[in-house]
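Chemist: Sequence first, then the predicted structure:
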Amino acid sequence: MAIRPILEVPDPRLREISKPVETVDDGVRALIADMFETMYDAPGIGLAAIQVGVPQRILVIDLQEPEEEEGEPVRDPRVFINPEIVEHSDTDVPYVEGCLSVPDQYAEVDRPDRIRARWLDENGVAHDEEITGMLATCLQHEMDHLNGVLFIDHLSRLKREMILKKIAKMRKELGKKAA
């Protein structure tokens, strides 16, 4: 397992459309292990393979719900290979989203509150499930990555440009500090 660098805007690879996984093999499972290690280290709750430079339709998600008494997160790692949304509700709900590829920026995005999705897991087993709540939001956000879409693309042009300017300014200030 290895922590991989996470691509950040404006890297053009984030706009690539990821290709379906033909065979779930040891190479795919090794990538998945690296993705989890990278996501936990970041820290984040979801990561698409393209975010680590691999244009394959693979996502990892772990909402890491905090345990009530001890406060330690309870890990529930989930793998989605070749995911597709086959149905969604007509009711959108707002959720403040962030993204490891758009560092330290957050904005409200409306997405369907319920979806039905199909995917393969890390063993190649097919799943078909109705998903709601934060997992539905996170899965939709990560699936956008597979199609070259970032959460900021769901915002108005003005809001998107403001976020990109903030990121550029942060990078410029970090560059001055490093010099």
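Modeler: Arrived safely, thanks for sending.
Chemist: Doesn't N123 belong to a strand?
Modeler: No. Counting by DSSP: H, G, I helix; E, B strand; the rest coil, N123 is not part of a strand but coil.
Chemist: Spatially, and excluding backbone neighbours, which residue is closest to it.
Modeler: In space, and not counting its chain neighbours, N123 is closest to V24: 6.9 Å by Cβ to Cβ, 6 or more residues apart in numbering. (Glycine included, C-beta is placed from N, CA and C.)
Chemist: okay, that neighbour: pLDDT?
Modeler: What the model reports for V24 is a pLDDT of 97.
Chemist: OK, contacts around it?
Modeler: Residues near V24 by Cβ atoms under 8 Å, 6 or more residues apart in numbering: 81, 120, 122-124.
Chemist: Mind picking the two most distant members of the residues you listed?
Modeler: I81 and N123 (9.8 Å; Cβ to Cβ).
Chemist: gap between the helix ranked longest in the chain and the chain center?
Modeler: For the chain, the helix with the greatest residue count under DSSP state H is helix 157-178. Distance of helix 157-178 from the chain centroid (Cα atoms, centre = their mean, to the nearest Å) equals 21 Å.
Chemist: quick one: buried residues of that helix?
Modeler: Neighbour-count burial for helix 157-178 flags 160, 163, 167 (criterion: 16 or more other Cβ atoms under 10 Å).
Chemist: what does stretch 93-103 give?
Modeler: With burial defined by 16+ other Cβ under 10 Å, the residues of stretch 93-103 counted as buried are 95, 97, 99-102.
Chemist: how about those, which pair is most distant?
Modeler: Longest span within these, Cβ to Cβ: Y95 and S101, 17.4 Å.
Chemist: Output the below-cut-off pLDDT ranges for this protein.
Modeler: Along the chain, the model assigns pLDDT under 70 to residues 66-71, 178-179.
Chemist: And the helices in it?
Modeler: 26-41, 133-146, 157-178.
Chemist: So which elements touch the shortest one?
Modeler: Applying 3 or more Cβ pairs under 8 Å, 6 or more residues apart in numbering; DSSP states H and E, we find helix 133-146 packed against strand 46-48, strand 58-61, strand 78-88, strand 92-99, strand 102-112, strand 114-120.
Chemist: and those as TSV, adding distance to M1?
Modeler: Output for these, formatted as TSV (distance: least, Cβ to Cβ, whole Å):
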stretch	distance to M1
strand 46-48	14
strand 58-61	12
strand 78-88	14
strand 92-99	23
strand 102-112	23
strand 114-120	21
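Chemist: any idea how far V149 is from the closest residue to D153 other than its chain neighbours?
Modeler: Of all residues not flanking D153 in the chain, R160 sits nearest, at 7.1 Å (Cβ to Cβ, 6+ apart). Separation of R160 from V149 (Cβ to Cβ, to the nearest Å): 12 Å.
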